[in-house]
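>>> Fold the following, please.
(one chain, ligands or ions: 1)
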Amino acid sequence: MIALKVKPVSGAYGALVPNAGGSKPPMIHIAGLEKRFRTRSGETVNALTNVDLDIQENEFISVVGPSGCGKTTLLRILAGLEGASSGVIQCDQTQITGPRIDVGVVFQQATLLPWNTVLANVLLSAHLKRDRSEATVGRAERLLAFMGLKDFAQKYPFELSGGMQQRVSICRALMREPRILLMDEPFGALDAMTREAMNMELMRVWSEEKKTVIFITHSIPEAVLLGDRVVVMSPRPGRISEIIDVDVGRPRTLQTMATPRFGEICDHIRNIFGAQSLTTTSL
Ligand SMILES: Nc1ncnc2c1ncn2[C@@H]1O[C@H](COP(=O)(O)OP(=O)(O)OP(=O)(O)O)[C@@H](O)[C@H]1O
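Numbers count the residues shown, from 1 in each chain. A predicted model of the protein is given here:
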């Protein structure tokens, strides 16, 4: 008989975690997270309170909640752009204390440099590190082709539609081969049809490039279509009110949105907001 070795896992988990049994420590571990801001007038804003969330590698987590409930703050803390006031916020069992090389961030606006071509925008971080190798340029070109932008590499941002610009910003985020993709309402400014097309693109990227994604949106159907789980937040102070498993099979398509189970989950989330007497801009 072969004895199984059980490795003790230190840090926030404290206890022994037998990985042989299939339980794996989460990639991201958030426990008792609090964030307070001090405003210029001296008031304290409790942006986040008592946030607990574990995220496994390759999971797709959607986050919905009314304006001001702390979604962006949570994402900025995960990105290492903002410090927590207290609590545990770990990636790979290490406290996040600053920006990480393995995290890519996509914001609502594409924020491309207008004087650079599409290709140069995607290569920006590589160029800042003086990396002009053929391999790096090749990866940028492959990513652009992957996102359907092969023929636009030498165009400038103003020559692209909003959806194309956002695809360039996703290429830019993927360029460093991040394991984690943090997305803050990336499709909020797009028209409905482009947004649906982008949802399909993102699901393809997620399944083929094996990323862990945390995706903020104001749209409940978008959250349910994309997510393995939907984190529902409530404001003042921002906290997690419910985490919903999206037990809808994959691959998902736009037709998935017409299935009864999809509708039930969306209704359940709307009811949470209804019970809180809250609305968001486009629920
Ligand atoms: N730098 C800051 N200084 C003071 N207060 C802040 C700061 N950043 C955010 N806040 C406050 O923290 C709370 C949460 O803001 P946050 O931007 O995270 O909300 P949100 O859920 O992303 O909102 P929206 O959906 O409108 O983007 C708000 O009350 C906001 O005013």
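>>> ok, now which ones touch residue 254?
Going by Cβ atoms under 8 Å, 6 or more residues apart in numbering, residue 254 touches 196, 200. From N, CA and C alone the C-beta is placed, and that goes for glycine too.
>>> The one 3 residues further on too?
Residues in contact with residue 257, defined by Cβ under 8 Å, 6+ apart, are 221, 225.
>>> make it 10 Å
196, 199, 221, 222, 224, 225, 248, 263, 266 (Cβ atoms under 10 Å, 6 or more residues apart in numbering).
>>> and residue 213, bridged to which residues?
Beta bridges link residue 213 to residue 60, residue 181 when assigned by DSSP bridges.
>>> Verify the contact between it and residue 56 for me.
No. With contacts counted by Cβ atoms under 10 Å, residue 213 stays clear of residue 56, the gap being 11.8 Å.
>>> Which residues are in contact with each of those two?
Residues touching both residue 213 and residue 56 by Cβ under 10 Å, 6+ apart: residue 228.
>>> of these two, who's got more company?
residue 213 (24 against 14; other Cβ atoms under 10 Å).
>>> tell me the contacts of that one?
Contacts of residue 213 (Cβ under 10 Å, 6+ apart): 55, 58-62, 104, 106, 180-183, 202-203, 205-206, 226-228.
>>> Just the buried residues of these.
Buried members of the contacts of residue 213, scored by 16 or more other Cβ atoms under 10 Å, are 55, 59-62, 104, 106, 180-183, 202-203, 205-206, 226-228.
>>> quick one, what contacts residue 54?
12, 25, 26, 27, 28, 29, 30, 31, 90, 243.
>>> Distance check, the one residue in the stretch 101-250 of the chain that gets nearest to the ligand against residue 232.
Across the stretch 101-250 of the chain, the shortest distance to the ligand (Cβ to the nearest ligand atom) belongs to residue 238, at 5.9 Å. Residue 238 sits 11 Å away from residue 232, taking Cβ to Cβ, to the nearest Å as the criterion.
>>> coming back round to it: from the contacts of residue 54, which is closest to the ligand?
The closest of those to the ligand turns out to be residue 30 (Cβ to the nearest ligand atom; 14.7 Å).
>>> And for the closest one, the neighbour number?
Neighbours of residue 30 using other Cβ under 10 Å come to 24.
>>> ok, now residue 247?
8.
>>> Would you agree it falls within a helix?
No. Using DSSP: H, G, I helix; E, B strand; the rest coil, the assignment for residue 247 is coil, not a helix.
>>> For it, give me its contacts.
Shown here is residue 247, whose contacts under the criterion Cβ under 10 Å, 6+ apart are 228, 261, 265.
>>> Among the residues you listed, which are located in helices?
261, 265 (DSSP state H).
>>> where does the stretch 1-150 of the chain come near the ligand, residue by residue?
37, 39, 45, 47, 65, 67, 68, 69, 70, 71, 72, 73 (Cβ under 6 Å from any ligand atom).
>>> Pull out the buried members of those.
Buried among these (16+ other Cβ under 10 Å): 47, 65, 69, 70, 71, 72, 73.
>>> In this model residue 35 seems to touch the fifth one, though I could be wrong.
No. At 11.8 Å, residue 71 does not count as touching residue 35 under the criterion of Cβ under 10 Å.
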